[in-house]
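>>> Model the structure of this input:
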Amino acid sequence: MIGLSGSRQGTRAILLAALALLVAACAAPGGARAPVTIEANRPNVVSFWNEVANRTVLAQAAVNLTAEERHPTFFFDLASVHVAIYDAVVAIEGRYVPFAVRPQSAAAGASTEAAVSAAAHGVLKALFPNRGAHYQAAYEARLALIPDGPAKAVGVALGSEVAAGVVRLRANDGRSAALAPYVSGTVPGAFRSANPNPVFRHFPAIRPFALERMDQFRPPAPPALTSASYAAAFNETRALGGATSTVRNAAQHHAALFHTEPPPPAVTRNLGRFASSTAEVSDAARLMALIYVSFVDAIGACFEAKYHYQTWRPVSAIQMADHDGNPATERDEHWKPALPTPNHPEYPAAHSCTSGSLGEALRHHFGTADATFTWDSTVTGTTRSYAGIEAFSSEAGIARLHGGMHFRFSVDAGEELGRRVAAWVAARHFKRRD
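Numbers count the residues shown, from 1 in each chain. Here you go, the predicted model:
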């Protein structure tokens, strides 16, 4: 009886140990995790500086002297702010691996609040010296909340050093590169610009944050104009995305409208929710840096591909289908898209590039694709909830078809590009320390 009891106890101990290992594996980064609901209800110093940075980057100013002031590129500039915040927090709390800057300043006893504030303020002041009205008073007020003393002083010194390092790292990032005048294509399939200056041509010239080069994940060429796959995508967008479509329903039209708010205010406002999704400053800093670095490299790679292939938009394709050499497409010279078409090449779809990168970044951070979150739009005045990252990516892509702006192959290629970029970033950066 004694031996049997001991055996049972041993078996029970083994089972409990196995269960503990299973629970630990599920809780570990990259392991399977329970569904999460991301709510913006835990304001912290990261979310505070995210809001200040948003206002600064999007502000209109009478005087513009730096490259960033002359050529503001909101997501690249916000990525600089969040990388500085992240590296400042990591230097003090040590939970994650630094991204770019390992400060020499002492970290022992430093105030994380002071370091984050000094890091964000330092980047904003260097990039936007003539927009101080949007950040200087905020900086002074935030520091005033921290008791004077060694912790505050050490935190400010460390954050300032990190900011200077990030500014040096991103100096002369390519945004000021001189571009030759744009010449629209004339052959079938070539992009026709709505005016002599299609937008975001400088994105491919900007140095990436994490990628080795912007063409690293360039997608394969789109389907040939004479192919069956091109004809299928052509006829789908023609039916669903026309201004007078009888196939598109009211819900699809509303979703298409929802996703037409200009990216600068829409993206900064909505991504800001993730900054206040946790009270843990190190987690908030890591999440926002991962999101923005993935986002900027995805959008840079996306526009590199766009201006490499320079393919026409549906409005041109449908109105000139008699020149595409495909008997399965039919010209409609009066066809118009349901919603205005952005003035840049069609392939791949930018909304899908960024939604794909966001979804993959969230999956890596939370350890699950089953993450519910909300997004809002000032165009429709509504807020939509997405049960899972796939739901958001899918809707953002299909919305561009229903708006008549894209073909399905562009949506698919964009989402794949965005996911690959974010996965590459997450595999090499923002990792937990061993």
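>>> Check the secondary structure at residue 340 for me.
Following DSSP: H, G, I helix; E, B strand; the rest coil, the label given to residue 340 is coil.
>>> residues contacting it?
residue 260 (CB atoms under 8 Å, 6 or more residues apart in numbering). In short, each C-beta sits where N, CA and C put it, glycine included.
>>> separation between it and residue 313?
11 Å (CB to CB, to the nearest Å).
>>> Okay, and residue 72 sits in which element?
Following DSSP states H and E, one finds residue 72 outside all helices and strands.
>>> from memory it sits against residue 54, does it?
No - at 11.9 Å, residue 72 does not count as touching residue 54 under the criterion of CB atoms under 8 Å.
>>> Domain map for this protein?
Domain ranges of the chain: 45-170, 203-428, per automatic domain parsing.
>>> Looking at these, spot the one closest to residue 185.
Evaluated with CB to CB, those place domain 203-428 nearest to residue 185, the distance being 6.1 Å.
>>> what about the closest one, average pLDDT?
When pLDDT is averaged along domain 203-428, the result is 97.
>>> if we can go back for a sec, using CSV, lay out the domains of the chain together with distance to residue 195.
Listed next are these as CSV, based on distance: least, CB to CB, whole Å:
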stretch, distance to residue 195
domain 45-170, 19
domain 203-428, 7
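>>> Ok, which of those comes nearest residue 36?
domain 203-428 (5.0 Å).
>>> residue boundaries of the strands in this structure?
Assigned by DSSP state E, the strands in the chain fall at 36-37, 371-377, 382-387.
>>> ranking those strands by burial, who's on top?
For the strands of the chain, the largest average neighbour count (mean count of other CB atoms under 10 Å) is found in strand 371-377, namely a mean of 19.
>>> Tell me the gap between it and the middle of its chain.
When distances are taken as CA atoms, centre = their mean, to the nearest Å, strand 371-377 is centred 14 Å away from the chain's centroid.
>>> the longest helix in this protein is where?
Ranked by residue count under DSSP state H, the longest helix found in the chain is helix 281-309.
>>> With distance to residue 413 as extra columns, can I get the strands of the chain in JSON lines?
What follows is those, written out as JSON lines (distance: least, CB to CB, whole Å):
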{"stretch": "strand 36-37", "distance to residue 413": "29"}
{"stretch": "strand 371-377", "distance to residue 413": "22"}
{"stretch": "strand 382-387", "distance to residue 413": "22"}
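>>> for these, which one sits closest to residue 269?
strand 371-377 (7.4 Å).
>>> any residues touching that closest one, and which ones?
With CB under 8 Å, 6+ apart, strand 371-377 has contacts from 35-38, 257-261, 266, 269-270, 273-274, 362-363, 382-389, 392.
>>> Sheet partners, orientation included, of that strand?
Using DSSP bridges, the strands paired with strand 371-377 in its sheet are strand 36-37 (parallel), strand 382-387 (antiparallel).
>>> so what's the spatially most central residue of the chain up against?
Taking CA atoms, centre = their mean, the centroid of the chain lies closest to residue 295, which sits 2.7 Å from it. Going by CB under 8 Å, 6+ apart, residue 295 touches 75, 79, 267, 271, 354, 357, 358, 361.
>>> do residue 78 as well
With CB under 8 Å, 6+ apart, residue 78 has these contacts: 50, 53, 54, 57, 268, 292.
>>> Quick one, grab the pLDDT at the first one.
Same thing as residue 50. On the pLDDT scale, residue 50 gets 98.
>>> Can you report how many residues lie near the nearest residue to it once chain neighbours are set aside?
Distance criterion CB to CB, 6 or more residues apart in numbering; nearest residue to residue 50, sequence neighbours excluded, is residue 275 at 4.4 Å. As a burial measure, residue 275 scores 25 neighbours (other CB atoms under 10 Å).
>>> how far away is residue 275 from residue 339?
Taken as CB to CB, the span from residue 275 to residue 339 is 30 Å.
>>> what does residue 382 give?
16 Å.
>>> what does residue 77 give?
As defined by CB to CB, residue 77 lies at a distance of 28 Å from residue 339.
>>> Which residue of these two possesses the greater neighbour count?
residue 77 (25 against 20).
>>> Check whether that one really touches residue 127, as I assumed.
Yes - applying CB under 8 Å as the test, residue 77 and residue 127 come out as touching, 6.0 Å apart.
>>> Name the residues contacting each of those two.
Overlap of the contact sets of residue 77 and residue 127 (by CB under 8 Å, 6+ apart) consists of residue 68.
>>> and the residue nearest to residue 116 when sequence neighbours are not counted, how many residues sit next to it?
Counting by CB to CB, 6+ apart, residue 45 is the residue found nearest to residue 116 once chain neighbours are left out, at 4.8 Å. Residue 45 has 24 neighbours, counted by other CB under 10 Å.
>>> please begin residue numbering at 589 from this point
In the new numbering, first residue 589, that becomes residue 633.
>>> Run the chain-centre distance for stretch 694-710.
Using CA atoms, centre = their mean, the offset of stretch 694-710 from its chain centre is 25 Å.
>>> Pull it out as CSV, backbone CA atoms only.
What follows is stretch 694-710 as a C-alpha-only set of coordinates in CSV (Å, rounded to 0.1, in the frame of the first residue of the first chain):
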residue,chain,number,x,y,z
ALA,A,694,23.5,55.4,-16.0
ALA,A,695,20.2,53.5,-15.8
ALA,A,696,20.2,52.4,-12.2
GLY,A,697,17.4,54.1,-10.3
ALA,A,698,16.2,56.1,-13.3
SER,A,699,12.6,57.2,-13.6
THR,A,700,11.0,55.5,-16.5
GLU,A,701,8.4,58.3,-16.8
ALA,A,702,11.2,60.9,-17.0
ALA,A,703,13.2,58.8,-19.5
VAL,A,704,10.2,58.3,-21.8
SER,A,705,9.3,62.0,-21.7
ALA,A,706,12.8,63.1,-22.5
ALA,A,707,13.2,60.5,-25.3
ALA,A,708,9.9,61.6,-27.0
HIS,A,709,10.5,65.3,-26.4
GLY,A,710,14.1,65.0,-27.7
